[in-house]
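Chemist: just a sequence and a predicted model for now, questions to come.
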Amino acid sequence: MRVYGVLKDAESLMSDALYSTIKLMRVARSTAATQRRMLDSRLIQLRSLAGFPPPRSGWIKAIRGALGITSRQLGVRVGTTHQVIVRQEERETKGAVTLDSLDRTARAMGCRLVYALVPEAQYGSLEGILDHRARSLARTLATAVAHSMRLESQGVDATDTEAQVESLAQELKAKLDPRLWAK
């Protein structure tokens, strides 16, 4: 009897935890749309920088040269040696520099590291990325259904299919369906 009561309590706790998780997921989905809109409004300002490539020599070496700072001087300002600065410049051109070291070096030269993930131009915004993923998934799902229906001699009109794709895409996006990010 006592074991049954403990199991029942555990089941109740698990049920409560599951309910809370589902409730949080709903809240997270509803706030995700708001968060997306807020981020999109901020990212619009950075969009023009997305097409701005770094100098071939990397930002550290280019700015250091433009300011007339030697690698030895910069090493002293960062609190390291000039060899470390030279290796850091090499790592930067290979895309292997850490954000922390880049930030410390930038500050030592009177600069500030600006770091952001900006949506690709083809999408334009986070909203655009989700729209693209949702339409693509919806089209894949609708194509499979249309194929099954054709096999059963129940063809679907192209206009109806497109309307279904749009409707399904909106539903997938609203739910933030995990399949949106499956390979």
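Modeler: Yes, it's here.

Chemist: pLDDT weak spots in this protein?
Modeler: Applying pLDDT under 70 to the chain flags the ranges 1-29, 145-159.

Chemist: most centrally placed residue in it?
Modeler: With distances taken as Cα atoms, centre = their mean, L117 lies nearest the centre of the chain, 7.2 Å away.

Chemist: ok, that residue to S125 distance?
Modeler: Plainly put, L117 is 12 Å away from S125 if you go by Cβ to Cβ, to the nearest Å. C-betas here are computed from N, CA, C, even on glycine.

Chemist: ok, now T161?
Modeler: In this view, T161 and S125 are 27 Å apart by Cβ to Cβ.

Chemist: swap in K61?
Modeler: Distance of K61 to S125, given as Cβ to Cβ: 34 Å.

Chemist: one more: T140?
Modeler: As judged by Cβ to Cβ, T140 and S125 stand 23 Å apart.

Chemist: between those two, tell me which one has more neighbours.
Modeler: Neighbour count, other Cβ atoms under 10 Å: between T140 and S125, S125 has more, with 18 against 11.

Chemist: now the more buried one: closest residue in space that isn't a chain neighbour?
Modeler: Distances taken as Cβ to Cβ, 6 or more residues apart in numbering place D40 nearest to S125, at 4.5 Å, with adjacent residues excluded.

Chemist: next up, the contacts around the one you found.
Modeler: By Cβ atoms under 8 Å, 6 or more residues apart in numbering, the contact set of D40 is S125, L126, E127.

Chemist: ramachandran angles for the first one?
Modeler: With angles defined as degrees, to the nearest 10, S125 sits at phi -160, psi 170.

Chemist: make sure it is actually in contact with A50.
Modeler: No. When contacts are counted by Cβ atoms under 8 Å, S125 is not listed as touching A50 (12.0 Å).

Chemist: tell me which helix or strand the residue nearest to the centre of the chain sits in.
Modeler: Under the criterion DSSP states H and E, no helix or strand holds L117.

Chemist: phi, psi of it?
Modeler: Backbone torsions of L117, given as degrees, to the nearest 10, read phi -100, psi 120.

Chemist: contacts only, for it.
Modeler: Under the criterion of Cβ under 8 Å, 6+ apart, L117 has no neighbours.
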